[in-house]
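**Q** Starting from these lines, generate the structure:
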Amino acid sequence: MTAGAEKASPAALAAGKQSPGMAAADKGRVYPAESTAFVDPTTGAAVRQVTTHPSIHHHPFYYLPAYDDASQWLVFVSHRTGRPQIFVEERATGRLV
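**A** The predicted structure follows:
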């Protein structure tokens, strides 16, 4: 992070206060819930898939937790807009911001 830069909280991201590098059309866009749950047929483990969009989605960084301190928001990077952008999933509703 550069000097003077502020770390945006998941709540700030959800309120539309994203990075200034985002296209105006993408800023603050809310996507409906996409998550789906299933049981892995090989291991029997319960799996929850957060997104169904056919693009790359990944953890934001090795040393940063993907959840906020209250576990209300899941932070991830998605390439669904054609470039990597930070998204959050609101755990209570599943909506993506």
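
**Q** which sections of this protein are below the confidence cut-off?
**A** For the chain, the stretches with pLDDT under 70 are 1-26.

**Q** Which residue ranges of it form strands?
**A** In the chain, strands defined by DSSP state E lie at 36-39, 46-49, 57-58, 73-78, 85-90, listed in chain order.

**Q** contacting residues around the first one?
**A** Outside strand 36-39, the residues within contact range by Cβ atoms under 8 Å, 6 or more residues apart in numbering are 45, 46, 47, 48, 49, 52. All C-beta spots, glycine's among them, are computed from the backbone N, C-alpha and C.

**Q** returning to what we had before: residue 28 is nearest to which of the strands of the chain?
**A** Counting by Cβ to Cβ, residue 28 lies closest to strand 85-90 out of the strands of the chain; the figure is 11.8 Å.

**Q** Quick one: list the elements packing against the closest one.
**A** Judged by 3 or more Cβ pairs under 8 Å, 6 or more residues apart in numbering; DSSP states H and E, strand 85-90 is in contact with helix 10-14, strand 73-78.

**Q** how far away is the residue with the largest distance to the centre of the chain from residue 62?
**A** Farthest-out residue of the chain from its mean C-alpha position, per Cα atoms, centre = their mean: residue 42, at 27.8 Å. Distance, residue 42 to residue 62, using Cβ to Cβ, to the nearest Å: 27 Å.
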